[in-house]
Each structure stands twice: as structure tokens, then as C-alpha cells.
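In: model the following, please.
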Amino acid sequence: MAGYQFLHLDLFARVSPAKSKERQRNYREIISEARREPESTLHIRSPHAPKILLGSLDGIEDEIEASAASATDAAGHRLRKDAPVLAAGVISFPERSVQWPKFREASLAWLRQQYGDNLRCVLEHDDEKYPHIHFFAPVPVIDGRSRPDLVDPGILAKRAAKEAGRPGAAQQAAYCQAMREWQKDFRDSVALRFGLTHRGPGRRRLTRREWRMEQDQAEEVGRLIHEFENIQQHADHADKALAAARVELSQIRKIEEGKRKIMTEQSQNAQSQLLAQIDKLEEDLRQERMVRSSQAKRLAEFQQRYGGIKALCDALVSLVRAMLSPKGKIASDIIAMPMPDGMPSQLWVLALAYIQTKRSAPHGNAPLQLQRGIGGRELG
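Out: As a prediction, this is how the structure comes out:
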């Protein structure tokens, strides 16, 4: 890119100052030309309607008039008609190329940074030799006071010098220095990225060779800036991709941790259920052992008791048979015997009754209930 930056700012009043050496246009004429109204575009061969990039110019004249009518100047006096009410400027690009849209967007971003909410409108013109944009910022009125220093860095610096008690020449020097710094800020923020120099060769009396060298340097600086921006852009993309990968990895870890937690909970639940089943089986087995032990105890007691009775019965049967045998003792002698120890009295009475019956009845004619009364066996 061969060329230098062009950034210009002016303040416009409601009427042209009477003491001005050259007639200055008022703010309405500036807005009219920006809108490409016929009476203000006689110097343009084929005027085209502007392309609005930011805001709008609709109703801006009425707003300016209403604010100016109620505003006062720094001294508290009613605002003069030749006092500034609109800041308007232009930013141009030295050629029509594919870089113009990028330069235009970079310039728009810089203007937003410079003026903030005071930036009312930015529009583009493409019907002249060089593509350019115009920007408009009405002079704000704060607490009824007109504040042109908020839209013009030179006036802001001049006002600060005046408040510091510096003389008029120092105030003007402060104004010029502030505007130079303003131009340098645009150079550093926008122009250098597109290979534009800060100033042209004319005012500095540069030779063609010197100007060419300066342009080459500016182009090299612009190329390096673009390379740096590309690297930075790739780095930003890499950072975003890395951040996205970290987020995805974190989500995967959360999912895996959730799965492990679920599996652990399921395993713990299964283990708890199994332990509960084992405890139940052990309890059932203990109860069954207790039941079996009780049954065995009762059976042992029953066998002990029944076994003694059975033994006595068998002994009694043998005794009775012995007594009734031809070689046995006489029945009367047996009847006179005392009841043996450990024999139930009922059983002894039954035995005696049986012997008495045998004595009074022939052999084999005893009553059936007495013959089978002991041990369920026949005694005859």
C-alpha cells in the first residue's frame, strides 16, 4: 500500500463566524453534503446515496437546535449562534482495493473507542476518487452547558492549559500537540496495519527516493502487523480449541465419574443385598438349629421316660410269667410281696389283679382286657 493516512476533524456552528477570513460552512451544509442532497453536491460528477455504517442523520438538525437553544457557554452566557454545535470528520483511504473494507471496519472501531455514545452517525461515500467515511458527533450539553471539549481532543487540552493558568500561546501549543497525539493514535491503531505513513512527503520536503523508502518501510510495518495479527488470530483459535477440548475432557471425566459412582453404588447395593441374604440364612439356620435342639431334647426326655416304663413292663411281664409257670413262685407269695421300687402303683395293681384272676380262673380264660393289658401283649 503506497500512501499516507488522512484523518480530519472540524467543528461547525449554526451560522458561519462573522470574523472568519474564509467563509466556513455551517453544520446544516455539512449534513446536506453528507446526505448527497442535490444543492450540496455540485462538485461531484455522479453522486450516490451514502451507505450508513452506524446510527442515522434523521432528525439530527432538530436535536442540535433544541440543545443549542437552551445551552450556555463556559462563562455561563447564552450560547452564541457561531459557537460549535457539531463535530464532523472524514477518514480516507488512498486507493480502492480489497483492503478498504477492513480499513473501514478498523476505522469504525477506532471511532467508537474515541467518541463512545457521542458518536451519532458514520456513513460511507464511494462516489469520489478515494473511498472515505464521514463521522458526526453533536456537541453534548451537560447540565445545560455546551461541552465541545468532549468531542475535540484539541479543545480539551487547550481548556486544561487555560485552567492551569498557562498563557494563550501555551494553550494553542497544547491544542496542536493534542491533535498530533490524536493523529498518532490513529496511525498506531489503524493506519500502520495497512502500510500507511503518518504524513505525506510535501510538507517535509522529502525527495522521491526518501518518500519511496518511507512508503516501503510503512508497507513492511503493515505486513509485519498483519502477520502478527494472523499469528495472534491462530493463537486465539488454538486457545479456544484448547479451552473447548478442556471443557469436553472435563465433561467426559464427569460422565466417567458418574458411571463409576453408579457402578459403585450398584455394587454396594448388590453386596448389601447379598449380606442381608446371608444374614437371613444364618438366622434361619440358627432358628432351625434351636428347633432341632428343642426337638432332640424333648425326644431324649420322651425316650428316657418311655424307656423306663417299657423296661418295667418287660420286667413285670417276665415276673408274671415266671410266677404262673409250674416251677414259679406261688401266687399268694407274690401278692404278699411289697411293690418294687420305681414301679408305678397303677402297674403294680394291674399285675396283682391279673394274678388274682389267674388264681380264680382256669388257665387261658382270663378276661381279654387283662390278658392284653400290659405292653399290648398276651400274658397267658
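
In: and stretch 149-159, C-alpha only, in PDB?
Out: C-alpha atoms of stretch 149-159 as PDB (Å, rounded to 0.1, in the frame of the first residue of the first chain):
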ATOM      1  CA  ASP A 149     -14.100  19.600  24.600                       C
ATOM      2  CA  LEU A 150     -15.800  16.200  24.800                       C
ATOM      3  CA  VAL A 151     -15.700  15.700  21.000                       C
ATOM      4  CA  ASP A 152     -12.500  17.600  20.200                       C
ATOM      5  CA  PRO A 153      -9.200  16.500  21.900                       C
ATOM      6  CA  GLY A 154      -7.500  19.700  21.000                       C
ATOM      7  CA  ILE A 155     -10.100  21.900  22.700                       C
ATOM      8  CA  LEU A 156      -9.900  19.600  25.800                       C
ATOM      9  CA  ALA A 157      -6.100  20.100  26.000                       C
ATOM     10  CA  LYS A 158      -6.500  23.900  25.500                       C
ATOM     11  CA  ARG A 159      -9.100  24.100  28.200                       C
END
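
In: does His132 touch Arg96 like I think?
Out: No - between His132 and Arg96 there is no contact under CB atoms under 8 Å: 10.9 Å. Heads up, the C-betas are built off the backbone N, CA and C, glycines and all.

In: and His134, that's in a strand?
Out: Yes - remark: His134 belongs to a strand, assigned using DSSP: H, G, I helix; E, B strand; the rest coil.

In: neighbours of it, how many?
Out: 20 (other CB atoms under 10 Å).

In: could you list the low-pLDDT ranges of the stretch 1-150 of the chain?
Out: Counting by pLDDT under 70, the stretch 1-150 of the chain shows low-confidence ranges at 1-2, 20-21.

In: picking up where we left off before, neighbour count winner among His132 and Arg96?
Out: His132 (19 against 11).

In: got phi/psi on the residue nearest to the more buried one when sequence neighbours are not counted?
Out: Take His132 and drop its neighbours on the chain: the residue closest to it by CB to CB, 6 or more residues apart in numbering is Ser92, 3.9 Å away. Phi and psi for Ser92, reported as degrees, to the nearest 10, are phi -120, psi 160.

In: and the gap between Ser92 and Met179?
Out: Ser92 is 17 Å from Met179, where distance means CB to CB, to the nearest Å.

In: one more: Ser189?
Out: 16 Å.

In: and for Arg145?
Out: 23 Å.

In: between the two, which one's more packed in?
Out: Set Arg145 next to Met179 and count neighbours by other CB under 10 Å: Met179 wins out with 17 against 14.

In: wait, a helix at the more buried one?
Out: Yes - secondary structure of Met179 (three-state DSSP): part of a helix.

In: contacts for stretch 66-80, please.
Out: 13-14, 83, 85, 138-139, 141, 144-146, 159 (CB atoms under 8 Å, 6 or more residues apart in numbering).

In: all strands for this structure, in order.
Out: 6-13, 51-55, 84-92, 121-125, 132-138, 141-142, 145-146 (DSSP state E).

In: low-scoring stretches of the stretch 151-300 of the chain, by residue?
Out: 198-229.

In: cutoff 80 now
Out: Applying pLDDT under 80 to the stretch 151-300 of the chain flags residues 195, 197-235, 237-238, 300.

In: could you pull out the helices for it?
Out: 153-163, 168-189, 208-324 (DSSP state H, counting those that start in this stretch).

In: distance of the residue nearest to Ser32 when sequence neighbours are not counted relative to Leu54?
Out: Nearest residue to Ser32, sequence neighbours excluded (CB to CB, 6+ apart): Ser40, at 4.1 Å. Distance, Ser40 to Leu54, by CB to CB: 21 Å.

In: ok, these two, which is more surrounded?
Out: Ser40 (18 against 15).

In: pretty sure the more buried one sits against Arg28.
Out: No - assessed by CB under 8 Å, Ser40 is found out of contact with Arg28, at 9.4 Å.

In: need the overlap of contacts for those two.
Out: With CB under 8 Å, 6+ apart as the test, Ser40 and Arg28 reach no residue in common.

In: what's the span of stretch 74-86 from first residue to last?
Out: Stretch 74-86 has an end-to-end distance of 17 Å (CA to CA, to the nearest Å).

In: equivalent analysis for stretch 141-155, please.
Out: Rule used - CA to CA; the end-to-end distance of stretch 141-155 is 15 Å.

In: so how far is it from its chain's centroid?
Out: 44 Å (CA atoms, centre = their mean, to the nearest Å).
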